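Novice: What follows is a protein structure lacking sequence information:
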């Protein structure tokens with residue numbers, strides 16, 4: 001909530017007075033373009049980051065992606081304590097669940113990491129973040145707060161039993177970061193096209 005609330009302290013864009021006022025009938029606060037951006041475009045990249053680190057951790061522990069499909073029934077069977085991974089290593093039920101919950105934790109952390117960029121791209125609707133700057137100190141606090149909270153939930157003793165949050169290797173924090181870069185570049189290119197080609201297809205379909 002803190003990162004989202006911090007947007008209320010964001011300075012207005014430099015060209016705000018050059019824009020037409022919002023039409024209260026046609027220009028809804030939540031429209032199909034916003035939903036398309038949030039879930040169909042940016043959201044897909046964020047989800048990809050989560051699935052990527054999930055498969056990375058599984059593969060590092062012996063379960064290659066091709067083995068994971070269709071394995072759920074045997075994976076969840078408490079009677080199966082000799083499930084073999086891609087290298088023939090046997091896994092007990094408890095070991096498998098610990099690995100699964102580690103993947104869940106990594107998925108959660110990956111969403112926090114890509115949300116860094118998601119928050120930054122929400123600073124402006126049309127201008128580049130380079131021109132907008134990073135003078136919103138409440139937002140900076142929000143970014144640090146959500147990251148600290150994610151680290152606390154991953155490494156705090158006892159939360160492996162309370163919330164099934166398991167510690168992560170530091171390298172696993174790095175895996176989602178390229179997806180954050182992709183989101184940033186994607187949105188900067190989108191905004192650049194909107195600025196250079198006003199009224200074009202990109203503005204009509206993605207400007208919210």
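Specialist: Now that the structure is in, tell me what you want to look at. Quick caveat: nothing in here was measured; it's all calculated off a predicted structure. Numbers count the residues shown, from 1 in each chain.

Novice: for this structure, what's the longest helix?
Specialist: In the chain, taking DSSP state H as the definition, the longest helix is helix 93-121.

Novice: buried residues in that one?
Specialist: Of the residues in helix 93-121, 93, 96, 98-100, 102-121 count as buried by neighbour count, 16 or more other CB atoms under 10 Å. Where you see a C-beta, it was placed from the backbone N, CA and C, and this is true even at glycine.

Novice: just checking, what packs against the helix or strand where residue 185 lies?
Specialist: For residue 185, the host element (DSSP states H and E) is helix 177-196. Contacting helix 177-196 under the criterion 3 or more CB pairs under 8 Å, 6 or more residues apart in numbering; DSSP states H and E are the following elements: helix 42-60, helix 93-121, helix 201-206.

Novice: I'd like to check what contacts that helix. Which residues are they?
Specialist: 41-42, 45-46, 48-49, 52, 110, 113-114, 116-118, 120-121, 124-129, 200, 202-203, 206-207 (CB atoms under 8 Å, 6 or more residues apart in numbering).

Novice: And for stretch 43-63?
Specialist: Against stretch 43-63 from outside (CB under 8 Å, 6+ apart): 64-65, 68, 85-87, 89, 91, 99, 102-103, 106-107, 109-111, 113-115, 118, 172, 175-176, 179-180, 182-183, 186.
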